[in-house]
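[1] Based on what follows, work out the 3D shape:
(chains A, B, C and D)
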Protein chains: 2
Amino acid sequence: MTPRTRRRAEALSRDRIVEAAVELLDTSGEAGLTFRTLTERLATGAGAIYWHVANKDELLAAATDGVLATALAADAPGPPRDRVRAVALGLFDAIEGHPWLATQLALQLSRGTVPPRIFETIGRQVRALGVPQGHWFTTTSALVSYLLGAAGQNATNARSAGPHTNRDEFLDAVSSAWEELDPAEYPFTRAVAAELRGHDDREQFLAGVDLVLAGITAVHLPAGPG
Amino acid sequence: MTPRTRRRAEALSRDRIVEAAVELLDTSGEAGLTFRTLTERLATGAGAIYWHVANKDELLAAATDGVLATALAADAPGPPRDRVRAVALGLFDAIEGHPWLATQLALQLSRGTVPPRIFETIGRQVRALGVPQGHWFTTTSALVSYLLGAAGQNATNARSAGPHTNRDEFLDAVSSAWEELDPAEYPFTRAVAAELRGHDDREQFLAGVDLVLAGITAVHLPAGPG
DNA sequence: TCCAGTTTGGAACAGCGTTCCAGGCATGTC
DNA sequence: GACATGCCTGGAACGCTGTTCCAAACTGGA
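    So this is what the prediction gives:
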């Protein structure tokens, strides 16, 4: 039953460690991933883990990349705009399913380390849109910045209501709080509080993507097709 | 010489604590701010600090808000577009001067907590641009998402070269690394490597702002003035 | 059968954020 | 002047973290 090459229940490996880390992050949040909880779940010691992984940062990066890889694996057909939207939604859903991803992506973004996978995927569509070569880098960077910023913000909103509150109640609460802000200091935020109720995070996120795409068209493709 | 109400060299206060925290963050980076280093610098104990501040998260939020307040204090005159650019540059420069700010803003963004100060400031300009009321919230959110994402990314790039390397050498290194990526997996990133050399972070950041502004114009102000 | 190299598990360590509390200090009351 | 009150302080202590270290277990080849 047990193969001769198997030492324990299952040999330790980098993949198995990353997989366990993702599970812990998913079920217990960012604070739930500890070298203790990890050793416990893998029934091993800390030294064994450090043999396969340099440190916690590398482990988190590997977990992020792993989830991202499956989220962006499906390359939708169709015109570049639709494919950008598909990537955006892939990101959005991935963050909804793995809320810790928002923090990780934001942290990587703030360190200047855009996940190469995202940059490459978006960049290809920018090229396909017909943006002139001299502007590929700038345009892609702008689009990726928006995607990561907004995906994190909106998808995290979706779960920030807590496990038992429902989304509408949460929006109501935020909206009410905004309406009670100091009119002298926050007139705009107050005025906009009503728009908050009943709005859809996903729709808003996509509307932002379309906004940036429209900007790309306006700036770089004045006569091009939609 | 010493006022009668003064107990020690200087009475402890929330402001003095936040000020010291900012100084520590500026000089020693994010890892440099510890309750030990803070008590040492303020010549006090941990308990005294906890009397004025709930915990480290609140301290970091206060430090972020403090720096942001001075960075966004000057409200430039001129058309809305220029004022949005001014806010953007204020953010950019603030992050360049306080690199830890990038991480803090990214973290707040990923928690769905956009600093109200930024939201309000940008929102007013969105309104002034002539965006229809029903789209104020969505449009402002999109613009803010881009601003925070890109400011963090670009301004952090500017210092990521390390204290002794200069910027051009750093870009050269990244560019070379990109050129050696697997052509099958990263054709776009390879093709774009050349654009990286000698590009200006500040210019790129502003170009992105203009891109989003152009998108806002195209989507919401089809016939409006620039 | 032995040996060299890889992989393991767990003890130990320094440092972190946070809590707790005995006491100092300024003030109000008699 | 003496005392009680309540805000504020400083430092010891706690539990937990990421990481290091190392003796031992295991594996495959000679």
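[2] C-alpha only now, for contacts and for neighbours.
    Noted.
[3] Centre of the chain to stretch A:12-31, how far?
    17 Å (Cα atoms, centre = their mean, to the nearest Å).
[4] residues making contact with it?
    The contact list for stretch A:12-31 (Cα atoms under 8 Å, 6 or more residues apart in numbering or on different chains) reads A:32-33, A:38, A:41-42, A:49, A:52-53, A:59, A:62-63, A:97-100.
[5] How about stretch A:37-50?
    Residues contacting stretch A:37-50 (Cα under 8 Å, 6+ apart): A:17, A:20-21, A:24, A:35-36.
[6] cool, and stretch A:209-226?
    Looking at stretch A:209-226 with Cα under 8 Å, 6+ apart, the contacting residues turn out to be A:81, A:85, A:88, A:130-132, A:139, A:143, A:146-147, B:211-216, B:218-219.
[7] With stretch A:128-138 instead?
    Residues contacting stretch A:128-138 (Cα under 8 Å, 6+ apart): A:80-81, A:123, A:126-127, A:216, A:220-221, B:192, B:195-196, B:204, B:207-208.
[8] List the buried residues of the helix or strand of chain A with the lowest mean pLDDT.
    Least confident helix or strand, chain A: helix A:167-179 with a mean of 86, by mean pLDDT, DSSP states H and E. Of the residues in helix A:167-179, A:167, A:170-172, A:175-176, A:178-179 count as buried by neighbour count, 16 or more other Cα atoms under 10 Å in any protein chain shown.
[9] Determine how far it lies from the middle of the whole chain.
    24 Å.
[10] That one vs chain B: in contact?
    No: applying Cα under 8 Å from any Cα of the partner chain, one finds helix A:167-179 separated from chain B by no less than 9.9 Å.
[11] Kindly spell out which helices and strands sit in contact with that helix.
    helix A:187-196 (3 or more Cα pairs under 8 Å, 6 or more residues apart in numbering or on different chains; DSSP states H and E).
[12] Kindly recompute the last result at 10 Å.
    helix A:136-159, helix A:187-196 (3 or more Cα pairs under 10 Å, 6 or more residues apart in numbering or on different chains; DSSP states H and E).
[13] still on that earlier bit, which of the buried residues of helix A:167-179 sits closest to B:Leu68?
    Comparing the buried residues of helix A:167-179 against B:Leu68 with Cα to Cα picks out A:Trp178 as the nearest, at 20.2 Å.
[14] so what's the closest one up against?
    A:172, A:186-194, A:196, B:116 (Cα atoms under 10 Å, 6 or more residues apart in numbering or on different chains).
[15] Most neighbours of all those, which one?
    A:Thr189 (24 neighbours; other Cα atoms under 10 Å in any protein chain shown).
[16] among the contacts of stretch A:128-138, which ones are buried?
    For these, buried by 16+ other Cα under 10 Å: A:80-81, A:123, A:126-127, A:216, A:220-221, B:192, B:196, B:204, B:207-208.
[17] Taking those together, which two end up most distant?
    A:Arg81 and B:Leu196 (24.8 Å).
[18] Is stretch A:92-100 in proximity to chain B?
    Yes: using Cα under 10 Å from any Cα of the partner chain, stretch A:92-100 reaches chain B at A:99-100.
[19] Surely A:Gly90 is in contact with A:Thr121?
    No: using Cα atoms under 10 Å, A:Gly90 is not in contact with A:Thr121; the gap is 11.8 Å.
[20] out of those two, which sits in the busier spot?
    A count of neighbours by other Cα under 10 Å puts A:Thr121 above the other of A:Gly90 and A:Thr121, at 22 against 19.
[21] Look at that one and report its pLDDT.
    Listed pLDDT for A:Thr121 reads 94.
[22] which is the next helix or strand following the helix or strand that contains A:Tyr50?
    A:Tyr50 belongs to helix A:46-52 when assigned by DSSP states H and E. Moving toward the C-terminus from helix A:46-52, the next helix or strand (DSSP H and E) is helix A:56-71.
[23] If you count neighbours, what's buried in whichever helix or strand comes after that following helix?
    With elements assigned by DSSP H and E, the helix or strand that comes after helix A:56-71 is helix A:80-97. Buried residues in helix A:80-97, defined by neighbour count with 16+ other Cα under 10 Å: A:80-81, A:83-96.
[24] same thing with stretch A:95-111?
    Buried positions in stretch A:95-111, judged by neighbour count with 16+ other Cα under 10 Å: A:95-96, A:98-111.
[25] quick one on the thing from earlier: include distance to A:Leu12 when you put the contacts of A:Trp178 into JSON lines, please.
    Formatted as JSON lines, those follow (distance: Cα to Cα, whole Å):
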{"residue": "A:Asp172", "distance to A:Leu12": "48"}
{"residue": "A:Tyr186", "distance to A:Leu12": "55"}
{"residue": "A:Pro187", "distance to A:Leu12": "57"}
{"residue": "A:Phe188", "distance to A:Leu12": "55"}
{"residue": "A:Thr189", "distance to A:Leu12": "52"}
{"residue": "A:Arg190", "distance to A:Leu12": "55"}
{"residue": "A:Ala191", "distance to A:Leu12": "56"}
{"residue": "A:Val192", "distance to A:Leu12": "53"}
{"residue": "A:Ala193", "distance to A:Leu12": "52"}
{"residue": "A:Ala194", "distance to A:Leu12": "53"}
{"residue": "A:Leu196", "distance to A:Leu12": "48"}
{"residue": "B:Pro116", "distance to A:Leu12": "47"}
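[26] and which of the residues you listed is nearest to DNA strand D?
    B:Pro116 (27.7 Å; Cα to the nearest atom of the strand).
[27] these two touch, right, the closest one and A:Pro187?
    No: contact criterion Cα under 10 Å: B:Pro116 and A:Pro187 do not qualify, at 11.5 Å.
[28] Point me to the helix or strand that includes A:Leu109.
    Residue-wise, A:Leu109 maps onto helix A:100-110 under DSSP H and E.
[29] Please compute how far that helix lies from its chain's middle.
    Distance, stretch centre to chain centre, for helix A:100-110: 7 Å (Cα atoms, centre = their mean).
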